[in-house]
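Engineer: Fold the following.
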Amino acid sequence: MASNINRVIVTGNLTRDPELRDVGSTAVCQMRIAVNSRRKGTDGQWEDKPNFFDVVVWGAHGQNCAQYLTRGSGVAIDGRLDWREWESEQGKRQAVQIVADSVQFLRTDQAQDTQAPQQRTAPVAVHDHDFQPPAPAAGINTDDIPF
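Structural biologist: Here you go, the predicted model:
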């Protein structure tokens, strides 16, 4: 018997600052992310079509999102879709949201992107010995390792 899979992975930018609130003793962070899709328009040219998703992040990871992310921040979200419904004054309401298992903060350094490629330099010097395998630790006989 096959089991169902509910997995979502998206990358995009926040459309507003994250909102943090406490639910009992647990923090919950709500965000909205814009994710672009590419499609051909009526003129045959490729164009971006934005899709907007509500994202919920629970616990300490949600607190980190609220502290370090702002509107426009790039994020990669791995989570699952969650469908919910509730009663409001307008009647029965429904929504689909992403419940994030992990959120990666993506670097969106626009100032660096405008520089010419030859001007981009590593902040730390790279040496040839950085890529050499480490020397075996003293006192360990590699013949005793079973693999």
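Engineer: The chain: strands as residue ranges?
Structural biologist: All strands of the chain, identified by DSSP state E, fall at 8-14, 19-23, 26-40, 46-58, 74-88, 91-106.
Engineer: And these: which comes nearest Ala66?
Structural biologist: Among the strands of the chain, the nearest to Ala66 by C-beta to C-beta is strand 19-23 (3.6 Å). (C-beta placed from N, C-alpha, C; glycine too.)
Engineer: partner strands of that closest one, parallel or antiparallel?
Structural biologist: strand 26-40 (antiparallel) (DSSP bridges).
Engineer: Mind listing what's buried along the partner strand?
Structural biologist: Along strand 26-40, these residues count as buried under the neighbour rule (16 or more other C-beta atoms under 10 Å): 27-33.
Engineer: Can you list the neighbours in contact with that strand?
Structural biologist: 10-16, 18-22, 46-60, 62-63, 65-66, 69, 75, 77, 98 (C-beta atoms under 8 Å, 6 or more residues apart in numbering).
Engineer: Give the PyMOL command for selecting the buried subset of the residues you listed.
Structural biologist: For the buried members of these, the matching PyMOL selection, counting by 16+ other C-beta under 10 Å, is:
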select buried, resi 10+12+13+14+18+20+53+55+56+57+62+63+65+66+69+75+77+98
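Engineer: Report the beta-bridge partners for the residue sitting nearest the centre point of the chain.
Structural biologist: The residue lying closest to the centre of the chain (C-alpha atoms, centre = their mean) is Ala76, at 1.9 Å. Beta-bridge partners recorded for Ala76 (DSSP bridges): Thr11, Gln104.
Engineer: ok, it - contacts?
Structural biologist: Contacts of Ala76 (C-beta under 8 Å, 6+ apart): 9-11, 103-104, 106.
Engineer: if we can go back for a sec, any idea which of the strands of the chain gets closest to Ala2?
Structural biologist: Using C-beta to C-beta, those put strand 74-88 closest to Ala2, at 17.4 Å.
Engineer: Just give me the longest helix of the protein.
Structural biologist: In the chain, taking DSSP state H as the definition, the longest helix is helix 59-68.
Engineer: Not counting it itself, show me its contacts.
Structural biologist: Under the contact criterion C-beta under 8 Å, 6+ apart, helix 59-68 has outside partners 18-20, 26-29, 31, 56-57, 100, 102-103, 105.
Engineer: change it to 10 Å
Structural biologist: 14, 17-22, 26-31, 55-57, 73, 75, 77, 100-103, 105 (C-beta atoms under 10 Å, 6 or more residues apart in numbering).
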